[in-house]
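A.B. asks: Have a look at this prediction, sequence included:
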Amino acid sequence: LGASLKGIELLPPAPLPLERASSLRCPTLVYGEVRYLASGAYGAAFLVRRLRDGRNFVAKKCDITGVDAALRQSHLDEISLLRRMRHDCVAEYVDFCWTSEERDCFWLVMKYYPGGDVQQRVDSYRGEGKRFEHVKVQTWLTQLCLALEYVHALRI
């Protein structure tokens, strides 16, 4: 990787902090749930379909009720960073909305990648006793380096 960042779009700071964003709405009026994908410490991920055009996305339904102020801010800062990023090798932010007036539950909607993530592929191959082709690993490492270069260019 060179020091040049030609072709990388550096975006201005995110418009309005999420804490004050007036995006309180009912996401089920915009997205229909298709199926459960996975769970994490603060919620679950679902495959959803946008009702107006039928496109699939991943909705991370999160509940940060009871987390301390620093951790809450950390969650919101991470989402604000995702809103600013535009790169082929970084998962694409699509939408965010608070689902409770207390602003402790939200949906983070991201682009859906039908092939799953790298960890799913590794687990699948390991379970089947398969090995990855050298070219596949090389491609993933290149994508990882390109994403890292982009994030560093944003000084994140």
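C.D. replies: Noted; the coordinates are in hand. Residues are numbered from 1 along each chain as shown.

A.B. asks: List the residues that contact Arg52.
C.D. replies: With contact taken as CB atoms under 8 Å, 6 or more residues apart in numbering, Arg52 is in contact with Val30. Backbone N, C-alpha and C define where each C-beta goes, glycine included.

A.B. asks: quick one: low-confidence ranges for the protein?
C.D. replies: Residue ranges of the chain with pLDDT under 70: 1-24.

A.B. asks: In it, where's the longest strand?
C.D. replies: When the chain is parsed with DSSP state E, its longest strand is strand 31-40.

A.B. asks: quick one: the strands in this structure?
C.D. replies: Applying DSSP E to the chain gives strands spanning 31-40, 43-50, 56-63, 93-98, 105-111.

A.B. asks: on that earlier part again, can you mark which positions in the longest strand of the chain are buried?
C.D. replies: In terms of neighbour count (16 or more other CB atoms under 10 Å), strand 31-40 has its buried residues at 31, 37.

A.B. asks: can you check stretch 70-87 too?
C.D. replies: 72, 75-76, 79-80, 82-83, 85, 87.

A.B. asks: Which of those residues fall within helices?
C.D. replies: Judged by DSSP state H, these include 72, 75-76, 79-80, 82-83 as members of helices.

A.B. asks: Columns distance to Lys60 on top of these, output as TSV?
C.D. replies: Formatted as TSV, these follow (distance: CB to CB, whole Å):
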residue	distance to Lys60
Arg72	16
His75	11
Leu76	14
Ile79	10
Ser80	15
Leu82	11
Arg83	14
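
A.B. asks: so which of the strands of the chain gets nearest Tyr150?
C.D. replies: strand 93-98 (13.9 Å; CB to CB).

A.B. asks: And Ser100, its phi and psi?
C.D. replies: With angles defined as degrees, to the nearest 10, Ser100 sits at phi -140, psi 150.
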